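Novice: Task: produce atomic coordinates for the following.
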Amino acid sequence: MEHQIDAANQIFGRLASKIALILRGKNKADFDPAKMPKEKITVLNIEKLRFSGKKMAQKEYHHYSGYPGGLRTRSLETEWVKNPGKIFKKTVYDMLPKNRLRDQIIKNLTVK
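Specialist: The predicted model follows:
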């Protein structure tokens, strides 16, 4: 089933958790955790999402290369300007269960 969601003026985390629930298929009566759901979601107006609190200034993303001094830290504000769709997709990905289906389920999410 195809869903289109308008992200304009919605709160980031609440929308991400709602989308993760639909992608997983938990809103259906015939939910089976081992079955690949047939839900596809397209999110529109991703750049118009809102953040509650001071997340834009305070939230940080870390990347560690494995070498001494290789920890890179970037704020949500700089990452959001670069690619808001990537941040949103990663957030939904982290909300899905950590199993073999996760990589397949996230392919059903399109961010525009």
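Novice: For the residue most central in space within the chain, give me the pLDDT.
Specialist: Closest residue to the average C-alpha location of the chain: residue 92 at 2.6 Å, with C-alpha atoms, centre = their mean. pLDDT for residue 92: 98.
Novice: where do the helices sit along the protein?
Specialist: Under the criterion DSSP state H, helices of the chain are mapped to 12-24, 55-58, 76-82, 84-95, 102-105.
Novice: Of those, which stretch is the most buried?
Specialist: Highest mean neighbour count among the helices of the chain (mean count of other C-beta atoms under 10 Å): helix 12-24, with a mean of 18. All C-beta atoms are positioned from the backbone trio N, CA, C, and that covers glycine.
Novice: can you list contacts of it?
Specialist: 3, 5, 7, 27, 31, 37, 39, 41, 43, 49-52, 55, 88, 91-92, 95-97, 105-106, 108-109 (C-beta atoms under 8 Å, 6 or more residues apart in numbering).
Novice: Pull up the distance across stretch 50-60, start to finish.
Specialist: By C-alpha to C-alpha, to the nearest Å, the extent of stretch 50-60 from end to end equals 17 Å.
Novice: Contacts made by that stretch with the rest, please.
Specialist: 9, 10, 11, 12, 13, 73, 74, 75, 76, 77, 80.
Novice: What residues does residue 95 make contact with?
Specialist: Residue 95 touches 16, 17, 20, counting by C-beta under 8 Å, 6+ apart.
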